[in-house]
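*Asks:* this one's sequence-less:
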């Protein structure tokens, strides 16, 4: 959720927006991303925090 389709590191918000733009507003993928956004954001934040703690 922090890597673009091209492999570039991007912020979570940019990745979510890219997915929604690519699939369009009525697609099931877009609907899922919108519904799951809080859980996905939480997973990204927890993972990033764990990575920082390992440094």
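*Replies:* All right, it came through fine. Keep in mind the model is a prediction, meaning the values are calculated, not measured.
*Asks:* for this structure, what's the longest helix?
*Replies:* In the chain, assigned by DSSP state H, the helix with the most residues is helix 28-53.
*Asks:* that helix - what's its average pLDDT?
*Replies:* In this model, helix 28-53 carries a mean pLDDT of 97.
*Asks:* show me which positions of it end up buried.
*Replies:* 30, 33, 40, 44 (16 or more other C-beta atoms under 10 Å). In short, each C-beta sits where N, CA and C put it, glycine included.
*Asks:* check contacts around residue 1.
*Replies:* Shown in contact with residue 1 (C-beta atoms under 8 Å, 6 or more residues apart in numbering): 12, 15-16, 40, 43-44.
*Asks:* do that again at 6 Å, thanks
*Replies:* Residue 1 makes contact with 12, 15, 40, 44, according to C-beta atoms under 6 Å, 6 or more residues apart in numbering.
*Asks:* how near is the last one to residue 24?
*Replies:* Look at residue 44 and residue 24: by C-beta to C-beta, to the nearest Å, they are 23 Å apart.
*Asks:* please state the offset of the longest helix of the chain from the chain centre?
*Replies:* Its chain's C-alpha centre and that of helix 28-53 lie 6 Å apart, by C-alpha atoms, centre = their mean, to the nearest Å.
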